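Engineer: Sequence first, then the predicted structure:
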Amino acid sequence: MRTRISRRDALKGGASAAAVLAFPSIARGAKPYEGKTLSVFTYAGSYESTIKTHLVPAFEERTGARVRLDAGWWDMLPKLKASPPGEPVYDVVITDPTQGFPSIKEGLFTQMDPANVPNAKKSPVGMQENWIQKENWGANLAGSAMVMGFHTEAVSDVPMHWHDLLRADLKGKLSMYDAPYQSLYAFAQIKAGQAGNPGGGAAELAKSVDDVLAFAKENREIIRLWWTSTGDFMGKLLAKEIAGGVVHSTGPFGAEDEGKPVKSVLPSEGTAMVHLFWTLTKGSKNKRLAEEWINEALADDFMVKWGTAGKLAVPNLAAAGRAATESPFYKRFLPTDAESWSKIEFYPYDTYFAGNNWEKINDFWTREVLRKS
């Protein structure tokens with residue numbers, strides 16, 4: 001996230017921003033995309049509900065286009081790959097490094113024109129300098145945070161640190177994601193805390209992925225059930241099938257805010273967020289409309305809803321301040337300004353994708369941690 005933006009690039013983006021801040025439909029008093037259909041993929045759950053409620057209707061009204069919204073998780077990439085040549089099933093998608101990075105290398109996405117997405121310049125400097133946005137492969141977002149969530153009737157002494165998950169009274173009562181990008185990092189944080197270096201999970205992985213994998217295998221007995229979606233985790237938690245565990249923040253945040261017997265914990269030693277980005281599919285016939293979509297998805301009004309309704313971190317700095325004002329819950333847990341954003345870390349994707357690490361992680365995770373054939 002530390003690649004610098006050149007002065008030339010910055011000036012180029014700034015000079016064109018004023019001309020495209022508004023939709024063309026507003027500027028000309030018309031709806032230039034009348035009759036067009038934009039196919040959009042989003043992650044399900046809080047992402048889908050927030051976009052469907054607070055972005056799609058306004059976008060359709062302003063542009064005249066119709067939005068076909070498809071929600072899912074790991075199924076985006078297979079659907080995109082199965083599309084006929086030159087006819088991608090989606091025009092624009094939200095994705096993360098585990099699917100997005102390989103897809104860029106495979107030529108499934110195309111670069112956007114930053115002049116058409118000026119709202120991307122409202123994000124923290126670190127996001128703008130990340131190579132995805134720097135090289136115009138998309139506009140960066142941060143998704144949910146990795147948090148601990150507990151049923152308050154099942155755990156009287158709620159753990160406050162990652163390494164507390166090794167407590168004897170919690171053994172065999174917890175749940176973690178069956179996907180390793182999150183849960184391996186959780187084990188790395190547990191390992192670091194146990195060794196007297198709380199918050200050093202990324203350093204543990206950078207030092208030795210193999211050691212952290214072995215630690216995860218050694219301590220897999222703390223897990224009762226592996227969850228497959230945030231909704232899956234929350235259903236098990238509220239039914240008291242599990243006492244708690246590690247999960248995406250949107251689940252416990254929403255439940256606690258609704259007054260359910262759930263306690264959300266962001267350990268003081270730090271956590272990680274999902275790196276998300278909006279990107280354009282190669283071969284789309286609606287590229288310009290898709291750029292309009294990304295720009296509006298990063299605009300102030302929707303970004304406030306992203307934070308207050310979606311319980312997701314808001315990268316638009318002006319909107320983050322507004323979200324904190326409107327929602328005490330947002331202010332309590334999520335970044336509100338440039339300073340708090342500077343402390344946010346993504347999962348250690350650089351380590352995950354170095355050499356053959358990702359293949360090794362997935363193979364070991366499936367065989368030795370999940371113990372699937």
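Structural biologist: Arrived safely.

Engineer: where does the residue nearest to Leu141 when sequence neighbours are not counted sit relative to Thr228, distance-wise?
Structural biologist: Across the structure, with Cβ to Cβ, 6 or more residues apart in numbering as the measure, the residue nearest Leu141 apart from its sequence neighbours is Leu276 (4.1 Å). No exception for glycine: its C-beta is placed from N, CA and C like everyone else's. According to Cβ to Cβ, to the nearest Å, Leu276 stands 19 Å off from Thr228.

Engineer: Which one of the two is surrounded by more residues?
Structural biologist: Per other Cβ atoms under 10 Å, whichever of Leu276 and Thr228 has more neighbours is Leu276, with 26 against 13.

Engineer: quick check, that one in a helix?
Structural biologist: No. Counting by DSSP: H, G, I helix; E, B strand; the rest coil, Leu276 is not part of a helix but strand.

Engineer: and it, what does it touch?
Structural biologist: Residues touching Leu276, when contacts are defined by Cβ atoms under 8 Å, 6 or more residues apart in numbering, comprise Ile94, Thr95, Asp96, Asn140, Leu141, Ala142, Gly143.

Engineer: Would you mind checking which of these is nearest to Thr63?
Structural biologist: Of all the contacts of Leu276, Ile94 has the smallest distance to Thr63: 18.6 Å, by Cβ to Cβ.

Engineer: so how far is Tyr352 from Phe187?
Structural biologist: Between Phe187 and Tyr352 the computed distance is 14 Å (Cβ to Cβ).

Engineer: Which residue of those two possesses the greater neighbour count?
Structural biologist: Legend: neighbour count by other Cβ under 10 Å for Phe187 and Tyr352, higher for Phe187 (28 against 20).

Engineer: Where does that one sit, in terms of helix or strand?
Structural biologist: Assessed by DSSP states H and E, Phe187 sits inside helix 180-194.

Engineer: Can you give the distance of that helix from its chain's centre?
Structural biologist: Averaging C-alpha positions (Cα atoms, centre = their mean, to the nearest Å) puts helix 180-194 18 Å from its chain's average.

Engineer: What helices and strands are in contact with that helix?
Structural biologist: Helix 180-194 is packed against strand 139-151, strand 174-177, helix 201-207, helix 209-218, strand 244-248, helix 357-364, with contacts defined by 3 or more Cβ pairs under 8 Å, 6 or more residues apart in numbering; DSSP states H and E.

Engineer: again, 6 Å this time
Structural biologist: In terms of contacts (3 or more Cβ pairs under 6 Å, 6 or more residues apart in numbering; DSSP states H and E), helix 180-194 is packed against helix 201-207, helix 209-218.

Engineer: So which of the ones you listed is nearest Trp74?
Structural biologist: It is, among the helices and strands packed on helix 180-194 and with distance given as Cβ to Cβ, helix 209-218, at 20.8 Å.

Engineer: before we move on, back to that, as a markdown table, the helices and strands packed on helix 180-194 with mean pLDDT would be great.
Structural biologist: Listed next are the helices and strands packed on helix 180-194 as a markdown table, based on pLDDT from 0 to 100:
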| stretch | mean pLDDT |
| --- | --- |
| helix 201-207 | 97 |
| helix 209-218 | 98 |
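
Engineer: pretty sure Val262 is touching Glu256, no?
Structural biologist: Yes. Judged on Cβ atoms under 6 Å, Val262 makes contact with Glu256 at a distance of 4.7 Å.

Engineer: Give me the more crowded residue out of the two.
Structural biologist: A side-by-side neighbour count of Val262 and Glu256, using other Cβ under 10 Å, places Val262 first with 22 against 19.

Engineer: List the residues that contact the more buried one.
Structural biologist: When the contact criterion is Cβ atoms under 6 Å, 6 or more residues apart in numbering, the partners of Val262 are Gly149, Pro252, Ala255, Glu256.

Engineer: and the first one, how far is that from Tyr33?
Structural biologist: Here Gly149 is placed at a distance of 41 Å from Tyr33 (Cβ to Cβ).

Engineer: Low-confidence stretches in the protein?
Structural biologist: Low-confidence segments of the chain, defined by pLDDT under 70: 1-30, 373.

Engineer: Would you mind writing the CA trace of the helix holding Phe187 as PDB?
Structural biologist: Provided in PDB are the C-alpha atoms of helix 180-194 (Å, rounded to 0.1, in the frame of the first residue of the first chain):
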ATOM      1  CA  PRO A 180      -7.600 -19.700   5.400                       C
ATOM      2  CA  TYR A 181      -7.000 -16.000   4.500                       C
ATOM      3  CA  GLN A 182      -8.900 -15.000   7.600                       C
ATOM      4  CA  SER A 183      -8.500 -17.900  10.000                       C
ATOM      5  CA  LEU A 184      -4.800 -18.500   9.300                       C
ATOM      6  CA  TYR A 185      -4.300 -14.900  10.200                       C
ATOM      7  CA  ALA A 186      -6.300 -15.300  13.400                       C
ATOM      8  CA  PHE A 187      -4.100 -18.200  14.400                       C
ATOM      9  CA  ALA A 188      -1.000 -16.000  13.600                       C
ATOM     10  CA  GLN A 189      -2.400 -13.400  15.900                       C
ATOM     11  CA  ILE A 190      -3.000 -16.000  18.600                       C
ATOM     12  CA  LYS A 191       0.500 -17.400  18.200                       C
ATOM     13  CA  ALA A 192       2.000 -13.900  18.400                       C
ATOM     14  CA  GLY A 193       0.100 -13.000  21.500                       C
ATOM     15  CA  GLN A 194       1.000 -16.300  23.200                       C
END
